[in-house]
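> pasting the sequence and the predicted coordinates here, then a few questions.
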Amino acid sequence: MKVFVTGGAGFIGSHVAEFYAQGQNEVVVFDNLSRGQLLGRNTSASLYNWSYLKDKYSNIKVIKGDVRNCEETLAAAQNVDVIIHAAAQVAVTTSLIDPWTDLQINAMGTLNVLEAARQNDATLVFCSTNKVYGENVNGIAVKEGAKFYSFDDEKYKNGIPETFSIDMCGHSPYGCSKLAADLYAQDYAHTYGLRTGVFRMSCIYGVRQFGVEDQGWISWFIIATLTGKRITVFGDGKQVRDVLYITDLVKAYNAFINSKMKNEVFNIGGGSKNTLSVAQSLELLKNLTGKIPEISFADWRRADQKVYVSDISKAEKLLNWKPRVKPEEGVVKIVDWVSANLELFRQQ
């Protein structure tokens with residue numbers, strides 16, 4: 001099988017590429033290495049996963065290219081059987097500053113990738129986001145605990161289902177661009193018969209994730225704690241996400257690819273049994289590392305969701321899948337990895 005991974009030098013993409021390379025498949029990694037530039041951070045980290053894959057796996061071909069360039073994308077994706085589309089502009093804050101670039105990468109870039117899938121009759125997995133539901137999530141009643149919020153509505157005791165409304169609410173430019181891409185992926189299935197799996201992801205975390213304040217918060221908290229950097233908590237710290245370790249996410253993708261399903265949409269995350277609030281994660285880090293980072297508080301960020309928990313029952317049923325790595329286990333893995341690479345993170 002020939003697998004094409006856009007954004008393959010990124011966190012999710014690199015783990016997807018490694019998974020299929022270990023299965024002795026031919027893998028093409030396609031990435032323009034722009035993450036650092038887009039997020040306004042040190043760009044040296046952008047090469048880490050690129051070099052890791054290139055040096056470790058002879059069956060991975062790395063191509064520097066941009067999904068915004070249709071010709072480059074089509075040329076790189078020739079004769080592929082599966083496409084995992086992980087390339088994206090990933091930060092809400094960046095989209096607020098530069099919505100045009102956000103739109104070009106997330107919406108137009110996805111259209112080019114869909115065309116590549118259509119020309120090759122390839123199965124497509126699209127990395128979507130819970131931000132497609134926008135501020136509608138904040139319309140659900142919540143109750144406040146000592147360290148976390150939770151939904152106070154029996155209808156959503158297991159989290160947000162795929163049928164939840166995307167309409168009549170604020171999304172942020174990032175949410176809009178990813179929603180447009182999400183809908184295009186679904187429509188290519190209906191209009192052109194393309195086989196597509198759309199995965200609306202909650203908080204994905206794991207090793208080889210270069211988290212920053214704007215994106216990848218669990219990894220960022222670990223990096224900041226171990227390198228002595230200040231952490232800014234936006235809001236009161238009781239906001240909650242369901243968290244999913246990266247290896248569990250990749251197994252969900254693979255379950256869809258190996259299934260007989262034609263096209264589906266899945267909310268994917270740790271679900272109601274794997275949740276963390278900001279406050280709980282900081283306490284967990286203190287217990288694991290013995291370190292207490294300097295913390296400051298700031299106003300809530302625009303379009304932030306106080307609680308987001310994925311209802312993963314559809315994925316559990318149709319994919320015969322469930323999360324295996326508990327938050328405490330996953331955080332330990334990242335602490336160990338960051339600890340072994342401190343110099344790299346001090347450069348960020």
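Cool, got the structure.

> all strands of the stretch 201-348 of the chain, in order?
Per DSSP state E, counting those that start in this stretch, the stretch 201-348 of the chain has strands spanning 203-205, 231-234, 240-245, 263-268, 275-277, 295-298, 307-308. These are given in chain order.

> can I get those strands in TSV including mean neighbour count, mean pLDDT and distance to residue 134?
In this view, the C-beta of every residue, glycine as well, is placed from N, C-alpha and C. TSV is the format used below for the strands of the stretch 201-348 of the chain (neighbours: other C-beta atoms under 10 Å; pLDDT from 0 to 100; distance: least, C-beta to C-beta, whole Å):
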stretch	mean neighbour count	mean pLDDT	distance to residue 134
strand 203-205	25	98	17
strand 231-234	16	96	18
strand 240-245	25	98	16
strand 263-268	23	98	14
strand 275-277	23	98	20
strand 295-298	10	96	22
strand 307-308	24	97	11
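
> make sure residue 14 is actually in contact with residue 210.
No: Residue 14 is not in contact with residue 210 according to C-beta atoms under 8 Å; the separation is 10.7 Å.

> flag the helix or strand of the protein with the lowest per-element mean pLDDT.
helix 35-39 (a mean of 73; mean pLDDT, DSSP states H and E).

> moving C-terminal from it, which element do we reach first?
The helix or strand immediately downstream of helix 35-39 is helix 46-56, counting by DSSP states H and E.

> using CSV, list the CA coordinates for that following helix.
Extracted in CSV, the C-alpha atoms of helix 46-56 (Å, rounded to 0.1, in the frame of the first residue of the first chain):
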residue,chain,number,x,y,z
SER,A,46,10.0,22.0,12.4
LEU,A,47,12.9,19.9,11.1
TYR,A,48,12.9,17.4,14.1
ASN,A,49,10.2,15.1,12.8
TRP,A,50,11.3,15.5,9.2
SER,A,51,14.8,14.4,10.1
TYR,A,52,13.5,11.7,12.5
LEU,A,53,11.5,10.0,9.7
LYS,A,54,14.0,10.4,6.9
ASP,A,55,16.9,9.0,9.0
LYS,A,56,15.0,6.1,10.6
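
> tell me what it is packed against?
helix 11-22, strand 26-31, strand 60-64 (3 or more C-beta pairs under 8 Å, 6 or more residues apart in numbering; DSSP states H and E).

> which other residues reach it?
With contact meaning C-beta atoms under 8 Å, 6 or more residues apart in numbering, helix 46-56 is reached by 8-11, 13-14, 17-18, 21, 29, 31, 33-36, 60, 62, 208, 210, 344.

> avg pLDDT for that helix?
Taken as a whole, helix 46-56 has a mean pLDDT of 93.

> that one: which residues count as buried?
46, 49, 50, 52, 53 (16 or more other C-beta atoms under 10 Å).

> before we move on, what about stretch 168-175?
171, 172, 173, 174, 175.

> in three-state terms, label the last one for me.
Read it as residue 175. What DSSP: H, G, I helix; E, B strand; the rest coil gives for residue 175 is helix.

> how long is stretch 259-275 end to end?
Stretch 259-275 has an end-to-end distance of 28 Å (C-alpha to C-alpha, to the nearest Å).

> which regions of the stretch 1-150 of the chain lie under the pLDDT threshold?
40-45 (pLDDT under 70).

> to residue 166, which of the strands of the stretch 201-348 of the chain lies closest?
strand 263-268 (11.0 Å; C-beta to C-beta).

> what is that closest one packed up against?
By 3+ C-beta pairs under 8 Å, 6+ apart, strand 263-268 packs against helix 172-192, strand 196-201, helix 246-257, helix 313-319.

> could you redo the last one with a cut-off of 6 Å?
Here strand 263-268 touches strand 196-201, helix 313-319, going by 3 or more C-beta pairs under 6 Å, 6 or more residues apart in numbering; DSSP states H and E.

> what residue is smack in the middle of the chain?
residue 204 (5.4 Å; C-alpha atoms, centre = their mean).

> check contacts around that one.
244, 246, 249 (C-beta atoms under 6 Å, 6 or more residues apart in numbering).

> cutoff 10 Å now
Contacts for residue 204 (C-beta atoms under 10 Å, 6 or more residues apart in numbering) come out as 11-12, 15, 127, 129, 216, 218-219, 243-246, 248-250, 268-270.

> in stretch 245-256, what counts as buried?
For stretch 245-256, by 16+ other C-beta under 10 Å, it's 245, 246, 247, 248, 249, 250, 252, 253, 254, 255, 256.

> dig out what the nearest residue to the fifth one once chain neighbours are set aside forms beta bridges with.
With C-beta to C-beta, 6 or more residues apart in numbering as the criterion, residue 249 has its nearest non-adjacent residue at 5.5 Å, and that residue is residue 204. The residues listed as beta-bridge partners of residue 204 by DSSP bridges are residue 244.

> count the neighbours of the closest residue to residue 80 other than its chain neighbours for me.
Closest residue in space to residue 80, ignoring its immediate chain neighbours: residue 4 at 4.1 Å, by C-beta to C-beta, 6+ apart. Around residue 4 there are 30 other residues, counting by other C-beta atoms under 10 Å.

> mind checking which helix or strand residue 4 is in?
strand 2-6.

> list the strands paired with that strand, with their directions.
Sheet partners by DSSP bridges: for strand 2-6, these are strand 26-31 (parallel), strand 82-85 (parallel).
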